[in-house]
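> below are the sequence and a predicted model; questions follow.
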Amino acid sequence: MATERPAPAVPTRRVPRTDTVMADPRLAEATAGLGPGIVKQAVRRAQDKVRAGEEAPERIGDVVLGLLPEYATSLRPVLNATGIIVHTNLGRAPLSAQARAAVDIAAGQVDVEYDTATGRRGRRGRAALDALRAAVPDAGDAHLVNNGAAALVLAATALAQGREIVVSRGELVEIGDGFRLPDLLVSTGARLREVGTTNRTHLADYRAAIGPDTAFVLKVHPSNFVVTGFTSSVPVAELATLGVPVVADIGSGLLRPDALLPGEPDAATSLRQGAALVTASGDKLLGGPQAGLLLGTAPLIDRLRRHPLARALRVDKITLAALEATLRGPEPPVHRALHLDPGRLRTRSEALAAGLTGRGVEATVLPHAGAVGGGGAPTVPLPGFAVQVPETLTVPLRRGRPTVVGRTTRGALLLDLRCVPEECDGDVLGAVLAAALDTGLIEPPDGG
């Protein structure tokens, strides 16, 4: 009987030791910038590639360098070519250059609660609050918390715990990620007294519901949708005649009226109409960092500021610095994108399309309406233009560096430059050309 011969042994790859790889001078420099944990993780991935036969042992240093991220954070910069200004999935409002510089200053040790004149403890956030009050003179005082929902939570907890909040049924909204306003309010210990119907609520409905347990009337500006047809709602000015405080949640953070957004409520107007308190977000139409704004009468704001929950909801020095710079500094990117001249947008789009067609990429300039986003002015189109390119470029652009996110529709990809800083137009061009090369849509220049 024949004896089976054992299968020849497969030679194993010699995998360089971690300490040997880390001794590469190039990785020492990377470790100083990114930290040892990130570099060692890349080393282990490179060793796995050598072990699997995908890379040669002598190339492991180069492989590690190719695997290293540019920054110690996993967040990636994105060029927003969707035409949606306040894009929630992309971090809402981009900060101005001055706000980003303020963040860099605040990252170190700063006088956030220190009075340099007296050497004693100073009031936290005094400069940012001064800037907010100056921006909305109709407010007797102002307070800041960490987001718009927190502003409403603080108001409901401090003013209505164990009492009633009167609110229209048509304003008990649900927004992104399943977040429901009534759930938030009830969680504070307040009771909701719903009035009216889904589509129609009248002043008499509120008047009939108000009683000894009424803490305030809540007026909520619906986000992301509009109810049309047989509808009726009660404005703040009429609610202010009922004899109880009116809290107006305006949502998008518009501080003053904007002729481009006639249906969007603003803080100044709501206060002039009689609202005792206005709550809003800082990272939407205001164009600043994530924050919850509370603007109202001085006694009411003082009551909120002194509530124990206020400490848990307070903002950090980074937010204070960015918000102050947004309020005091030059026009933020959100405002520029909102009021961008369509003619200028067309010129930029045509230049991008010409650069692409000159290299063999199909590109056409089309009319395209941008959007405010973030729940603001959902029915207001922003006239403009976009460059249409093949839809096959969508994924490589999304995964590339820089990351470019556009809008896919009807088998094509639309690139709207409204929210792209003009100095980055060339980056979009380069990214599209790189994606076209990767997908085989075009050949390398000069046969390279």
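Looks like it arrived, so ask away. Being a predicted model, the structure only gives us computed values, none of them experimental.

> any stretches of the stretch 1-150 of the chain with poor pLDDT?
For the stretch 1-150 of the chain, the stretches flagged by pLDDT under 70 are 1-13.

> where exactly do the helices run in it?
18-22, 25-34, 36-51, 60-67, 97-106, 126-135, 148-160 (DSSP state H, counting those that start in this stretch).

> rebuild those as CSV, extending it with mean neighbour count.
In this view, the C-beta of every residue, glycine as well, is placed from N, C-alpha and C. What follows is those, written out as CSV (neighbours: other C-beta atoms under 10 Å):
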stretch, mean neighbour count
helix 18-22, 15
helix 25-34, 14
helix 36-51, 18
helix 60-67, 18
helix 97-106, 17
helix 126-135, 19
helix 148-160, 24
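
> out of the ones you listed, which gets nearest to residue 434?
With C-beta to C-beta, the closest approach to residue 434 among these belongs to helix 60-67: 16.1 Å.

> residue 410 and residue 366, how far apart?
11 Å (C-beta to C-beta, to the nearest Å).

> try residue 331
Taking C-beta to C-beta, one finds residue 331 at 28 Å from residue 366.

> repeat that for residue 193.
For residue 193, the distance to residue 366 - C-beta to C-beta - is 50 Å.

> who has more neighbours, these two?
Using other C-beta atoms under 10 Å, the more surrounded residue of residue 193 and residue 366 is residue 193, with 19 against 13.

> what's the angle from the host helix or strand of that one to helix 148-160?
Using DSSP states H and E, residue 193 falls within strand 191-195. Interaxial angle, strand 191-195 versus helix 148-160 (axes from the mean of the first three to the mean of the last three C-alpha atoms, to 10 degrees): 100 degrees.

> quick check: buried residues in strand 191-195?
Buried residues in strand 191-195, counted by 16 or more other C-beta atoms under 10 Å: 192-195.

> before we move on, what about stretch 303-312?
303-305, 307, 309-310.

> give me the residues contacting it.
Residues outside stretch 303-312 that contact it (C-beta atoms under 8 Å, 6 or more residues apart in numbering) are 143, 145, 153-155, 157-159, 294.

> and these as TSV, adding distance to residue 119?
Below are the contacts of stretch 303-312 laid out as TSV (distance: C-beta to C-beta, whole Å):
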residue	distance to residue 119
143	26
145	29
153	36
154	32
155	36
157	36
158	33
159	37
294	31
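
> ok, which pair from the residues you listed is furthest apart?
It's 145 and 159 that sit farthest apart of these, by C-beta to C-beta, at 14.4 Å.

> quick revisit: out of the contacts of stretch 303-312, the closest to residue 420 would be?
Nearest member of those to residue 420, counting by C-beta to C-beta, is residue 145, at 31.7 Å.

> what's the burial count for that closest one?
So residue 145, with other C-beta under 10 Å, has 26 neighbours.

> that one contacts residue 282, correct?
No. In this structure, residue 145 is not within contact of residue 282 by C-beta atoms under 8 Å, at 9.8 Å.

> find residues that contact each of those two.
What both residue 145 and residue 282 touch, as defined by C-beta under 8 Å, 6+ apart, is the set 291-292.

> export the buried residues of strand 191-195 to CSV and tack on pLDDT and distance to residue 128?
CSV is the format used below for those (pLDDT from 0 to 100; distance: C-beta to C-beta, whole Å):
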residue, pLDDT, distance to residue 128
192, 96, 33
193, 97, 35
194, 97, 36
195, 97, 37
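
> list the residues that contact residue 187.
Going by C-beta under 8 Å, 6+ apart, residue 187 touches residue 153.

> again, only this time at 7 Å
By C-beta atoms under 7 Å, 6 or more residues apart in numbering, no residues touch residue 187.

> before we move on, what about the one 4 residues further on?
Taking C-beta under 7 Å, 6+ apart as the criterion, residue 191 is in contact with 163-164.

> name whatever forms a beta bridge with it.
As for beta bridges, residue 191 partners with residue 164 under DSSP bridges.

> with residue 246 instead?
residue 217.

> before we move on, what about residue 365?
residue 387.

> stretch 438-447: which residues count as buried?
residue 441.

> residues in contact with that stretch?
359-361, 390, 392-393, 396, 436-437.

> check the offset of it from the chain's centre.
36 Å (C-alpha atoms, centre = their mean, to the nearest Å).

> got it, and stretch 397-416?
19 Å.

> quick revisit: scan the contacts of stretch 438-447 and report the most crowded one.
That'd be residue 393 among the contacts of stretch 438-447, by other C-beta under 10 Å, with 27 neighbours.

> run a quick check on it versus residue 433, I expect a contact.
No. Using C-beta atoms under 7 Å, residue 393 is not in contact with residue 433; the gap is 9.9 Å.

> list the contacts of the residue positioned nearest the centre of the chain.
Centroid check for the chain by C-alpha atoms, centre = their mean gives residue 92 as the closest residue, at 1.9 Å. Counting by C-beta under 7 Å, 6+ apart, residue 92 touches 86, 283-284, 374.

> hmm, back to that, in JSON lines: the helices of the stretch 1-150 of the chain, plus distance to residue 235.
Shown next, in JSON lines, are the helices of the stretch 1-150 of the chain (distance: least, C-beta to C-beta, whole Å):
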{"stretch": "helix 18-22", "distance to residue 235": "66"}
{"stretch": "helix 25-34", "distance to residue 235": "54"}
{"stretch": "helix 36-51", "distance to residue 235": "54"}
{"stretch": "helix 60-67", "distance to residue 235": "58"}
{"stretch": "helix 97-106", "distance to residue 235": "33"}
{"stretch": "helix 126-135", "distance to residue 235": "23"}
{"stretch": "helix 148-160", "distance to residue 235": "19"}
